[in-house]
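> give me a 3D structure for the following:
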Amino acid sequence: MQIHFIAIGGSAMHNLALALHQKGYRITGSDDVIFEPSAGRLAAQDLLPERFGWFHEKIHRNLDAVILGMHAKADNPELLKAQELGIPIYSYPEFLFEQSKNKTRVVIGGSHGKTTITSMILHVLKYHNRPVDYMVGAQLEGFDRMVHLTDENDFMVLEGDEYLSSPIDRRPKFHLYRPNIALLSGIAWDHINVFPTFENYVEQFRVFIDSIVEGGSITYNEEDPEVKRLVESGKGAIRKFPYRTPEYYVENGQTFLETPEGPMPIEIFGRHNLSNLAGAKWICQNMGVDEADFYEAIASFKGASKRLEKIAERKSAVAYKDFAHSPSKVAATTLAVKEQYPARKLIACLELHTYSSFNPEFLREYIGTLDNADTAVVFYLPESVKIKRLSAVSPEQIAEAFDRKDLIIFTEADAFRKYLFQQDFDDAVLLLMSSGNYGGLDFEEVKQKILE
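Next comes the predicted model:
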C-alpha cells in the first residue's frame with residue numbers, strides 16, 4: 001500500500017509512519033515544521049520531507065489512503081486535493097482500527113494513568129516474550145517505537161485518548177477503537193476547549209463504555225465515583241471487573257507492594273501508580289498472564305517516559321520531571337513524591353501551559369493541588385496565553401485559584417531559571433511538572449545543579 005501522511009511530524013503520526021514503513025508500506029508525508037526527535041527518526045528511514053510545507057502535487061490517484069493529523073487544518077491544500085480525487089482519508093485512530101479489525105483490541109481509557117497502565121501492560125508482555133501490536137503515548141524503555149503493527153499478532157493494545165480524532169472528525173479517538181477488553185482509570189475534567197462542561201466531558205466516557213463489543217469486558221477503578229457510576233449503570237452485555245489500590249507501604253524511600261507471596265519492592269511509587277498497577281494486573285490476567293507472572297515482571301517496571309521520571313539523584317537530593325498538568329494529575333503526583341520522601345523538603349514547580357489551564361473557570365480546579373509541597377511554584381508565560389488567543393491571566397488570578405498564600409509565581413523564563421538555580425537542594429526533592437519546557441529550561445543544567 002502507498003500511504004501519504006498530512007502532518008507526518010507529530011509524535012503519534014511519525015511513529016505510525018515508521019511502523020507502517022517497517023511493515024513494508026510505501027510512505028510519503030508533509031508538514032510545515034518538524035522538531036526532534038521526530039525529524040531525526042524520520043530521516044533515518046528516508047521519510048523526512050525534502051521541504052517543509054503543503055504541496056497538493058503530492059496527492060495523486062496512486063495513493064491507497066491519506067492519514068490526516070490533528071496539526072493540519074480543514075482547508076489544508078493536500079487534504080482538499082485528496083477529497084477532490086476521492087482518495088480514502090483516515091484519522092489516526094480510524095487507521096489503527098483498520099489495522100486491528102481482526103485482532104482482540106485492548107483499549108486503556110481515562111483522564112489520567114492511561115499511558116502508565118498501557119506501558120505496564122506492554123512491559124509485562126515483553127518480559128514474558130508475548131508479542132502484541134500496540135500504540136502507546138510515550139517512548140518506553142526497551143521499545144523502538146510508540147506504535148507496532150503486524151499481520152500475525154492476535155492482540156492490539158491501544159492507549160485510548162479522549163481528544164479529537166482529526167480536523168474533519170470531531171469524535172474522540174477512543175470512540176473509534178471498539179474494544180474487546182477495556183479499562184477506565186478515572187475521570188477528571190480536561191480539554192475544556194473541546195468539552196466546555198464537565199457533563200459534556202463525562203458523556204464521552206459513557207460513549208466509550210457503550211462502544212465495547214458485545215461479550216467484551218471493562219476493568220474499572222471503583223475508587224473513582226464517576227467511573228463507578230458510569231460503568232455500573234451501563235446496560236451493555238459486557239463483563240465488569242472493578243479494581244482498587246492494593247496494600248503497600250513505604251520504608252526508607254522504598255515502596256513495597258503487598259502480594260500473596262509477601263511484600264515485594266517495586267521501582268514505581270505513589271498511590272496513583274499503585275492504582276494503575278492494579279488495573280494493569282487485571283488486564284494482563286484477561287490476556288492470559290497469571291498473577292505470579294505479572295508480579296515477577298512488574299517488579300522491574302521503572303515508568304513511562306516523562307511520567308515521574310527521575311532526572312538526577314545524589315545522596316541528599318533528587319529531581320523528577322512529570323508530564324502532569326491537569327489538576328488531578330498535579331495533586332496525585334505531588335502527593336506521591338511527598339509520600340515517598342516525607343522527611344525531605346519538596347519544591348514543586350508547575351508550568352501552566354495548556355488551553356484549559358488558562359481558563360479562569362477551569363483554574364479553580366487547581367485549588368489545593370500543591371498543598372503537599374513545602375515550596376510551591378507556578379510558572380506561566382503571558383505570551384503563551386496570547387498565542388492561544390485567550391484573555392490575559394493575571395498572577396492574582398493564579399494565586400486566588402490555588403488558594404495558597406505562600407505560592408511563588410513567575411511569568412518570565414529567565415527569572416524562573418535564576419530562582420531555581422539559587423535553591424539549596426540538600427535534603428530536598430525537586431519536582432518539575434509540565435507538558436511544556438518552562439520557556440526553554442535546560443534539563444541537563446538542572447541535572448548538574450542537583451548533582452553538585
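> report the contact partners of the residue lying closest to P77 once chain neighbours are set aside.
Nearest residue to P77 in three dimensions, chain neighbours excluded: H56, at 4.5 Å (Cβ to Cβ, 6 or more residues apart in numbering). Using the backbone N, CA and C atoms, a C-beta is placed for each residue, glycine as well. Applying Cβ atoms under 8 Å, 6 or more residues apart in numbering, we find H56 in contact with P77, E78, L80, K81.
> and the gap between R404 and G270?
21 Å (Cβ to Cβ, to the nearest Å).
> okay, the two: which has more neighbours?
G270 (21 against 18; other Cβ atoms under 10 Å).
> identify the spatial nearest neighbour of the more buried one, chain neighbours not counted.
A336 (2.4 Å).
> let me know the secondary structure of I212.
At I212 the chain is in coil, as set by DSSP: H, G, I helix; E, B strand; the rest coil.
> what mean pLDDT does stretch 95-105 have?
The average of the pLDDT scores along stretch 95-105 is 97.
> what's around M13, how many residues?
M13 has 25 nearby residues by other Cβ under 10 Å.
> got the contact list for the host helix or strand of it?
Per DSSP states H and E, M13 falls inside helix 11-23. Residues outside helix 11-23 that contact it (Cβ under 8 Å, 6+ apart) are 3, 5, 7-8, 27, 29, 34, 38, 41-42, 45, 47, 67, 69, 71, 92, 95-96, 135, 137, 145-151.
> please list only the buried members of the residues you listed.
3, 5, 7-8, 27, 29, 34, 38, 41-42, 47, 67, 69, 71, 92, 95-96, 135, 137, 145-149 (16 or more other Cβ atoms under 10 Å).
> helices - which of these land there?
S38, R41, L42, Y92, F95, L96 (DSSP state H).
> got those as a markdown table, with distance to I181 columns?
A markdown table is the format used below for these (distance: Cβ to Cβ, whole Å):
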| residue | distance to I181 |
| --- | --- |
| S38 | 31 |
| R41 | 30 |
| L42 | 32 |
| Y92 | 21 |
| F95 | 21 |
| L96 | 16 |
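> just the residues you listed now: which is nearest S111?
Closest approach to S111 among those (Cβ to Cβ): Y92, at 19.7 Å.
> for the closest one, give its distance to D75.
From Y92 to D75 the distance is 19 Å (Cβ to Cβ).
> contact partners for M264?
M264 neighbours (Cβ under 8 Å, 6+ apart): F256, L257, E258, Y295, A299.
> let's see that with 6 Å instead.
Neighbouring residues of M264 by Cβ atoms under 6 Å, 6 or more residues apart in numbering: L257.
> is it in a bridge, and if so with what?
Listed by DSSP bridges, the beta-bridge partners for M264 are L257.
> correct me, but the residue nearest to G270 touches L274?
No - look at A336 against L274 with Cβ atoms under 6 Å: they stay out of range, at 9.2 Å.
> tell me which residues of stretch 14-25 are tucked away?
Within stretch 14-25, judged by 16+ other Cβ under 10 Å, the buried ones are H14, N15, L16, A17, L18, A19, L20, H21, Q22.
> likewise for stretch 186-194?
G186, I187, A188, W189, D190, H191, I192, V194.
> returning to that earlier point: A336 and L274: which is more packed in?
Between A336 and L274, A336 has the larger neighbour count (other Cβ under 10 Å), namely 24 against 20.
> in a helix, the more buried one, correct?
Yes - judged by three-state DSSP, A336 forms part of a helix.
> among the contacts of helix 11-23, which are located in strands?
Among these, the members falling in strands (DSSP state E) are I3, F5, I27, G29, I67, M135, V147, H148.
> check the fifth one and give its pLDDT.
Each residue has a pLDDT score; the one for I67 is 98.
> surely it touches Y90?
Yes - when contacts are counted by Cβ under 6 Å, I67 is listed as touching Y90 (5.3 Å).
> endpoint to endpoint, stretch 420-434 covers what distance?
End-to-end span of stretch 420-434 (Cα to Cα, to the nearest Å): 15 Å.
> try stretch 60-74
In stretch 60-74, first residue to last residue: 19 Å (Cα to Cα).
> any buried residues in that stretch, and which?
Result for stretch 60-74 [16+ other Cβ under 10 Å]: buried residues L63, A65, V66, I67, L68, G69, M70, H71, A72.
> and the gap between the fifth one and E203?
When you say that, I think you mean L68. 25 Å.
> ok now stretch 355-374, how far from the chain's centre?
19 Å (Cα atoms, centre = their mean, to the nearest Å).
> nope, stretch 283-303 is what I was after
Worked out by Cα atoms, centre = their mean, stretch 283-303 lies 21 Å from the chain centre.
> can you give the domain ranges for the protein?
2-87, 95-298, 309-451 (automatic domain parsing).
> avg pLDDT for the last one?
Think domain 309-451. For domain 309-451, the per-residue pLDDT averages 92.
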